[in-house]
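[1] Predicted structure and sequence below. I'll ask about it afterward.
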Amino acid sequence: MYLDCNATTPVDPRVQAEMLTYLTEEFGNAGSRTHAYGQVAKERVNRARQQVAAVVDARPEEVIFTSGATESDNLAILGLADHGTNNGRRHIISTQIEHKAILEPLEEMTHRGFEVTLLPPTAGGWIDPDAIRHALRPDTLLVSVMAANNETGVIQPISEIADALAGSEAYFHVDAAQAFGKQIEPLRHRRIDLMSISGHKIYAPKGIGVLVTRRRGYQRPPLRPLMFGGGQERDLRPGTLPVALIAGLGAAAELALQEHAERARSCAAIQTAALEALRPLGIILNGDLDRLAAHTLNFSVPGVDSEAAIVALKDIAAISNGSACTSQSYEPSHVLTSAGLPSEQVAGALRLSWSHLTPPVAWHRISERLQQLARAV
């Protein structure tokens with residue numbers, strides 16, 4: 001049973017069918033202006049912009065296609081460096097629980113002379129909007145906060161944080177990789193200037209994503225490109241557009257908007273069943289249950305190490321103990337550590353994540369196997 005959807009989701013069959021059309025039949029280059037093949041490709045790319053923009057109430061021209069949220073994060077952060085330097089705004093606010101795709105570009109910004117304030121989460125794994133408000137300075141260039149944590153599933157109070165930025169000129173960036181198409185209204189807040197999206201978190205293919213660059217009035221965020229050559233994507237992201245991948249992302253975005261309520265109910269039912277089956281183990285939730293996304297559980301079983309649990313469950317379920325992007329060499333989760341959780345609890349943390357496409361899960365088998373492991377310790 002695949003229970004690692006926070007790492008990547010399966011491709012929706014309807015999305016796959018849309019992609020195949022633009023791989024095998026309408027295979028033109030969207031940059032070709034002299035024939036119908038190119039025009040058809042360009043029209044599909046433009047429609048995909050509309051489909052993505054509709055989910056977050058943006059303008060189609062504010063949708064910049066990238067290879068995924070990691071590239072979008074880099075463009076949002078590093079792309080503001082020149083503007084910050086030229087205007088004496090060298091302060092950035094973010095959090096200790098961000099994905100490495102945020103933390104590592106921020107580290108690069110410190111090498112360029114910027115000061116970065118990383119705020120800790122509450123014990124429940126969320127960022128207090130008042131902490132953002134108090135950290136703001138006149139020279140703050142950027143505030144970057146993820147919408148939902150990829151490890152714990154804790155939903156961050158994005159609307160409240162956006163409200164806390166009223167009166168500040170700081171740009172607000174949201175890494176929405178785990179939230180796009182799942183949380184609708186918070187991501188439509190007009191105070192969000194930049195938003196990163198990944199296709200493979202919403203049943204589209206890997207290798208395609210978006211940076212939403214919302215205008216303030218008539219001014220778009222003053223980003224400079226990280227790469228050069230070609231002028232595509234409003235000179236922010238050069239290269240031949242992968243039309244089939246873009247078509248897949250567009251289709252997935254439209255489906256997510258149409259079906260998000262039904263999908264949430266389906267995921268919540270799975271979560272309820274999981275909690276009921278796992279409760280006899282005395283599990284400790286690593287995150288505030290009241291703020292938890294419906295498709296995720298991060299928990300520890302007292303006395304059970306996560307690596308041992310993953311091995312014990314390998315013939316039953318595919319699960320993880322943290323971010324897929326850093327799981328090749330496991331280290332204690334910086335997300336859970338920053339929340340001040342005991343080291344034993346962090347070492348035992350397991351992440352299970354599913355989707356509306358997940359078939360019925362044999363939770364009793366998972367619970368029994370973990371119980372056996374706990375007894376053997």
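    Noted; the coordinates are in hand.

[2] Give me the mean pLDDT for the helix ranked longest in the chain.
    In terms of residue count, the longest helix belonging to the chain (DSSP state H) is helix 243-278. Averaged across helix 243-278, the pLDDT comes to 98.

[3] Now find how far off-centre it is within its chain.
    Distance of helix 243-278 from the chain centroid (CA atoms, centre = their mean, to the nearest Å) equals 14 Å.

[4] Over to stretch 279-291?
    22 Å.

[5] Same question for stretch 117-136.
    19 Å.

[6] picking that back up, what is the longest helix of the chain packed up against?
    helix 13-24, helix 36-56, strand 296-300, helix 363-376 (3 or more CB pairs under 8 Å, 6 or more residues apart in numbering; DSSP states H and E). Any C-beta I mention is one placed from the backbone N, CA and C, and that applies to glycine too.

[7] I'd like to know how many residues surround the residue nearest to residue 113 when sequence neighbours are not counted.
    Spatial nearest neighbour of residue 113, chain neighbours left out: residue 90 (6.2 Å); criterion: CB to CB, 6 or more residues apart in numbering. Other residues within reach of residue 90, judged by other CB atoms under 10 Å, total 18.

[8] Could you pull up phi and psi at residue 90?
    Backbone torsions for residue 90, taken as degrees, to the nearest 10, come to phi -120, psi 20.

[9] Pull up the gap between the closest residue to residue 338 other than its chain neighbours and residue 131, please.
    Nearest-residue entry for residue 338: residue 96, 3.8 Å, with adjacent residues in sequence omitted and distances by CB to CB, 6+ apart. Distance of residue 96 to residue 131, given as CB to CB, to the nearest Å: 11 Å.

[10] shared neighbours, those two?
    residue 119 (CB atoms under 8 Å, 6 or more residues apart in numbering).

[11] Just say which of the helices and strands packed on helix 243-278 is most tucked in.
    A comparison of the helices and strands packed on helix 243-278 by mean neighbour count, using mean count of other CB atoms under 10 Å, puts strand 296-300 on top with a mean of 25.

[12] tell me the mean pLDDT for the following helix or strand past that one?
    Later in the chain than strand 296-300, the nearest helix or strand by DSSP states H and E is helix 306-312. Helix 306-312 carries an average pLDDT of 94.

[13] relative to strand 296-300, how tilted is the longest helix of the chain?
    50 degrees (axes from the mean of the first three to the mean of the last three CA atoms, to 10 degrees).

[14] Tell me which residues of helix 243-278 come out buried.
    Neighbour counts using 16 or more other CB atoms under 10 Å place 243-256, 260, 263-264, 266-267, 270-271, 274-275, 277-278 of helix 243-278 among the buried residues.

[15] returning to that earlier point: I'd say the residue nearest to residue 113 and residue 141 touch.
    Yes - counting by CB atoms under 8 Å, residue 141 is a contact partner of residue 90 at 6.7 Å.

[16] who touches both of the two?
    84, 114.

[17] what separates residue 82 from residue 224, distance-wise?
    Residue 82 is 5 Å from residue 224, by CB to CB.

[18] Let me fix that, I meant to ask about residue 30.
    24 Å.

[19] now swap in residue 238 and tell me
    13 Å.

[20] just residue 163 next, same as before
    29 Å.

[21] Equivalent analysis for residue 244, please.
    29 Å.

[22] same check, this time on residue 196
    17 Å.

[23] Could you check which of those two is surrounded by more residues?
    Of the pair residue 196 and residue 224, residue 196 is the one with more neighbours under other CB under 10 Å, namely 31 against 14.

[24] which stretches of the stretch 51-200 of the chain form strands?
    63-66, 91-95, 115-119, 140-144, 171-175, 194-198 (DSSP state E, counting those that start in this stretch).

[25] Dump those strands to a markdown table, plus mean pLDDT and distance to residue 12.
    Output for the strands of the stretch 51-200 of the chain, formatted as a markdown table (pLDDT from 0 to 100; distance: least, CB to CB, whole Å):
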| stretch | mean pLDDT | distance to residue 12 |
| --- | --- | --- |
| strand 63-66 | 98 | 19 |
| strand 91-95 | 98 | 31 |
| strand 115-119 | 98 | 36 |
| strand 140-144 | 98 | 29 |
| strand 171-175 | 98 | 23 |
| strand 194-198 | 98 | 15 |
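
[26] Okay, now stretch 234-243: how far is its last residue from its first?
    One end of stretch 234-243 to the other measures 16 Å (CA to CA, to the nearest Å).

[27] Now do it: everything it contacts.
    Contacts of stretch 234-243 (CB under 8 Å, 6+ apart): 22, 26-31, 41, 44-45, 61, 64-66, 71, 75, 79, 207-208, 211, 213, 223, 225, 227-233.

[28] Distance of residue 373 relative to residue 40?
    Applying CB to CB, one obtains 55 Å for the distance of residue 373 from residue 40.

[29] ditto for residue 296
    For residue 296, the distance to residue 40 - CB to CB - is 39 Å.

[30] try residue 228
    28 Å.

[31] re earlier: following the longest helix of the chain, which helix or strand shows up next?
    strand 284-285.

[32] That next one - contacts with which helices or strands?
    Partner elements for strand 284-285 (3+ CB pairs under 8 Å, 6+ apart): strand 296-300.

[33] Pull the distance from stretch 183-190 to the chain's centre.
    Taking mean C-alpha positions (CA atoms, centre = their mean), stretch 183-190 and its chain are 14 Å apart.

[34] quick one on the thing from earlier: for residue 317, find the nearest of the helices and strands packed on helix 243-278.
    helix 363-376 (5.8 Å; CB to CB).

[35] tell me what that closest one is packed against?
    helix 243-278, helix 306-312.

[36] Columns distance to residue 357 on top of these, output as CSV?
    Formatted as CSV, the helices and strands packed on helix 363-376 follow (distance: least, CB to CB, whole Å):
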stretch, distance to residue 357
helix 243-278, 9
helix 306-312, 22
